[in-house]
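*Asks:* here is a sequence together with a model predicted from it:
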Amino acid sequence: MIQKIKDFIDAHHLLDKEKSYIVALSGGADSVALLRALLVLGYRIEVAHCNFNLRGEESGRDESFVVGLCNSLSVPLHRVHFETATYAELHKVSIEMAARQLRYRYFEQLRQDIGAEAVCVAHHRDDNVETVLMNMLRGTGIHGMVGIRAMRNDTDKDGSEACKVVRPLLCVSRSDILAWLQSLHQDYVTDSSNLRDDVTRNKIRLNIIPMLQEINPAAVDNIQRMSELMGEVECVYNSYVKERLERLLFNDSIDTQHFHDSIDIQHSHDSIDIQQLMQTASPLSILFEWLTPYGFSAATVRQVFDHLTVQIDKLSMQTDMLSVQSGRIWSSATHDLCVDRGKLLLAPHRETLRTMRLPEAGNYVYTKDMRFRVTIEEEISINTASDCACLDADSVSFPLTVRPVREGDRFVPFGMKGTKLVSDFLTDLKVPLTEKRQQLVVTNPNDEIVWLVGRRPASPYCITPKTKRMLKLSVQ
């Protein structure tokens, strides 16, 4: 078994004898075997043991065993106690997730404190098979079929902590481990909770895998080989998706304020041309890999794909994709995705816009990055900058109101005759849909638009040869 582990470590470049490592030691057979194997192979090791205070006397028994084993092997030991149940209740997570978050945060802090390269954990081949089956039951793709990786940065689901983890025992089975420990006359402790089929993984281990082995004694070996093959498939898949995304993604840095040069607020928008996307070998896969890192669920990605498919079925692929209906928006916790003029446009959520009254001339703070200045001036000097509107003071009444644009808003743009929907005006300017939703207007007491902020003043309120006083609106 030792030679198999050595070959696996070398093949995957998991460990370096010039560096030190932490072994996560629970006291169970797997982690004990990991500790003994790495010592035999000559690696510099320190041990970390977490007492989660979940199993009463058993938790204390496990800790005592770990202390005794480390003393007998002269291995430095680091111990920590957690009130896991209290943490889970406080953070509204499962006991399993609470234990995971607590241990990996501790491991990473300890790793930094002692200068270790990584944390070694004792997942073996059978754990990987269980994980693959669990992923299949939940519904998975290529990544889930790969199972447990030999090396990765394990991260909490909230993304708050990362810890470099290596798994040197993935090449050996549970039976290999038990046989080797027996040959060493090495004892270990058993977690009684692993013997109850009250959670999914235990049900798979205790019930489903034995049934599969009755059907085919080589079932576990075959699932493991399939997992390894899927790892190769994943490499090809990742390479293709990365190459496609690099070609498809276009980054628009849009000056969302369109104001004075001193206002340097830019929002980056990633966009994909829909026609080019739909001509790839697997548009759904491209969408999945692009959007899931931004918090979009697999179900939402499927909705996006289905929407595009339905739209394009109504058209010919030779038809200009600008005909694909704009306006549809999907949202994750952090981003919005919309169809806009033949493209899919991805943009981060923006600060929620509010309504603010301007009762008189003065300076007004709208957001931490935006201020409105209102002045009434006797001298008439028109400023044509986009961050400023010069109006006839006698045609505009207070209080003025700054508010987000609403559906159906109309105004008479300066230089044009007749009213125009604000949405149509913005469309003519090719303003992206996500920016339209962030457009501000300034209105008079009758809720008539006097300024489409940063774009165009309204013609009825602009300066004429008869103007005696100027109302100047500016944003900074």
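*Replies:* Sure, I can see it. Numbering: from 1, shown residues only.
*Asks:* now for Phe398, how many residues are close by?
*Replies:* Other residues within reach of Phe398 by the criterion other C-beta atoms under 10 Å amount to 15. C-beta here means a position set from N, CA and C on the backbone, and glycine is covered the same way.
*Asks:* got it, and Gly231?
*Replies:* The burial count assigned to Gly231 is 16, neighbours taken as other C-beta under 10 Å.
*Asks:* retrieve the pLDDT associated with the residue lying farthest from the centre of the chain.
*Replies:* Summary for the chain: using C-alpha atoms, centre = their mean, the residue whose C-alpha lies farthest from the chain's mean C-alpha position is Lys466, with a distance of 57.7 Å. Residue-level confidence at Lys466 comes out at 92, pLDDT.
*Asks:* and if you look at Glu161?
*Replies:* pLDDT for Glu161: 50.
*Asks:* equivalent analysis for Glu379, please.
*Replies:* According to the predicted model, the pLDDT of Glu379 comes to 89.
*Asks:* same question for Ser193.
*Replies:* On the pLDDT scale, Ser193 gets 75.
*Asks:* name the SS class of it, please.
*Replies:* helix (DSSP: H, G, I helix; E, B strand; the rest coil).
*Asks:* and what of Met416?
*Replies:* coil.
*Asks:* thinking again about what came up before, what helix or strand is the residue farthest from the centre of the chain located in?
*Replies:* For Lys466, there is no host helix or strand (DSSP states H and E).
*Asks:* pull out the buried positions in stretch 189-207.
*Replies:* Within stretch 189-207, the residues that qualify as buried by neighbour count (16 or more other C-beta atoms under 10 Å) are 189, 203-205.
*Asks:* and of these, the nearest to Leu308?
*Replies:* Ile204 (37.0 Å; C-beta to C-beta).
*Asks:* in the stretch 151-300 of the chain, what spans have low per-residue confidence?
*Replies:* Within the stretch 151-300 of the chain, the stretches with pLDDT under 70 are 154-162, 195, 197-198, 252-269.
*Asks:* rerun that using 90 as the cut-off
*Replies:* Applying pLDDT under 90 to the stretch 151-300 of the chain flags the ranges 152-163, 190-202, 250-271, 275, 298.
*Asks:* again, but for the stretch 1-150 of the chain
*Replies:* By pLDDT under 90, the low-scoring segments of the stretch 1-150 of the chain are 55-56, 96, 138-141.
*Asks:* all strands of it, in order?
*Replies:* 20-24, 44-51, 77-81, 118-120 (DSSP state E, counting those that start in this stretch).
*Asks:* mind putting these in TSV, distance to Val66 and mean neighbour count included?
*Replies:* What follows is the strands of the stretch 1-150 of the chain, written out as TSV (distance: least, C-beta to C-beta, whole Å; neighbours: other C-beta atoms under 10 Å):
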stretch	distance to Val66	mean neighbour count
strand 20-24	10	22
strand 44-51	5	20
strand 77-81	7	15
strand 118-120	15	23
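*Asks:* just the CA atoms of stretch 372-383, as PDB, please.
*Replies:* Presented in PDB, the C-alpha positions along stretch 372-383 are these (Å, rounded to 0.1, in the frame of the first residue of the first chain):
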ATOM      1  CA  PHE A 372     -26.500  67.600  -7.300                       C
ATOM      2  CA  ARG A 373     -25.900  71.300  -7.300                       C
ATOM      3  CA  VAL A 374     -28.800  73.800  -8.000                       C
ATOM      4  CA  THR A 375     -28.000  77.500  -8.600                       C
ATOM      5  CA  ILE A 376     -30.000  80.400 -10.000                       C
ATOM      6  CA  GLU A 377     -27.800  82.800 -11.900                       C
ATOM      7  CA  GLU A 378     -28.500  86.300 -13.400                       C
ATOM      8  CA  GLU A 379     -25.800  85.900 -16.000                       C
ATOM      9  CA  ILE A 380     -26.800  83.700 -18.900                       C
ATOM     10  CA  SER A 381     -23.900  81.400 -20.100                       C
ATOM     11  CA  ILE A 382     -25.000  78.100 -21.500                       C
ATOM     12  CA  ASN A 383     -22.900  75.100 -20.500                       C
END
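*Asks:* any idea how far that stretch is from the chain center?
*Replies:* 47 Å (C-alpha atoms, centre = their mean, to the nearest Å).
*Asks:* contacts for that stretch?
*Replies:* Identification of contacts with stretch 372-383 by C-beta atoms under 8 Å, 6 or more residues apart in numbering yields 356, 358, 360-364, 366, 390, 393, 400, 402, 463, 467, 469-476.
*Asks:* list the contacts for the nearest residue in space to Glu46 that is not next to it in sequence?
*Replies:* Excluding its sequence neighbours, the residue lying closest to Glu46 (C-beta to C-beta, 6 or more residues apart in numbering) is Pro76, at 4.3 Å. Neighbour list for Pro76: 46-47, 70 [criterion: C-beta under 8 Å, 6+ apart].
*Asks:* cool, and Ser227?
*Replies:* Neighbour list for Ser227: 128-129, 132, 145-147 [criterion: C-beta under 8 Å, 6+ apart].
*Asks:* just the buried ones from the contacts of stretch 372-383?
*Replies:* The neighbour-count test (16+ other C-beta under 10 Å) applied to these identifies 356, 358, 364, 366, 390, 393, 400, 402, 463, 467, 470-475 as buried.
*Asks:* name the nearest of these relative to Ile5.
*Replies:* Distances from Ile5 to these, taken by C-beta to C-beta, are shortest for Tyr366, at 62.8 Å.
*Asks:* dump the C-alpha coordinates for the helix or strand that closest one falls within into CSV.
*Replies:* With secondary structure defined by DSSP H and E, Tyr366 is part of strand 362-367. Output of strand 362-367 as CSV, limited to C-alpha atoms (Å, rounded to 0.1, in the frame of the first residue of the first chain):
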residue,chain,number,x,y,z
GLY,A,362,-28.3,74.4,-2.9
ASN,A,363,-26.1,71.3,-2.8
TYR,A,364,-27.6,67.9,-2.4
VAL,A,365,-25.9,64.5,-1.7
TYR,A,366,-27.7,61.8,-3.7
THR,A,367,-25.2,58.9,-3.1
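*Asks:* and it, which strands flank it?
*Replies:* Sheet pairing for strand 362-367, assigned by DSSP bridges, gives strand 370-377 (antiparallel).
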